[in-house]
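**Q** Structure for this input, please:
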Amino acid sequence: MAVIIRLKRLGTKKKPHSRIIACDSRRARDARILEILGFYDPSKNPPLIKVDKQKAEKWLKVGARLSETVRSIFKRQGLV
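**A** Below is the predicted model:
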């Protein structure tokens, strides 16, 4: 199973926010997840980012890949 760390969209129309999740890369964006790693809300100024660093590092050590958006979020947090 190939694990990818990506965003899962939440919120209402025109008020989106996202969860940072670990899931199987073959599944759809909002399908079943393996673990919730954090939260991202781009509508705030500055954007609200909360990441559980221990969980994220655990998945990265196992070999999980990052989506481009999550990679940029993790760079801001100093995880990559």
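**Q** Contact partners for the residue nearest the centre of the chain?
**A** With distances taken as C-alpha atoms, centre = their mean, residue 20 lies nearest the centre of the chain, 2.2 Å away. Contact analysis of residue 20 by C-beta atoms under 8 Å, 6 or more residues apart in numbering lists 5-8, 36-40, 51, 56, 70, 73. (C-beta placed from N, C-alpha, C; glycine too.)
**Q** Just the buried subset of those residues, please.
**A** 5, 6, 7, 8, 37, 38, 40, 51, 56, 70, 73 (16 or more other C-beta atoms under 10 Å).
**Q** show me the contacts for the closest residue to residue 32 other than its chain neighbours.
**A** Leaving aside its chain neighbours, residue 32 sits nearest to residue 23 (7.2 Å; criterion: C-beta to C-beta, 6 or more residues apart in numbering). Shown in contact with residue 23 (C-beta under 8 Å, 6+ apart): 3, 4, 6, 8, 31, 32, 33, 34.
**Q** so which of these would you say is closest to residue 45?
**A** residue 8 (22.6 Å; C-beta to C-beta).
**Q** Any idea what that closest one is bridged to?
**A** On the basis of DSSP bridges, residue 8 is bridged to residue 19.
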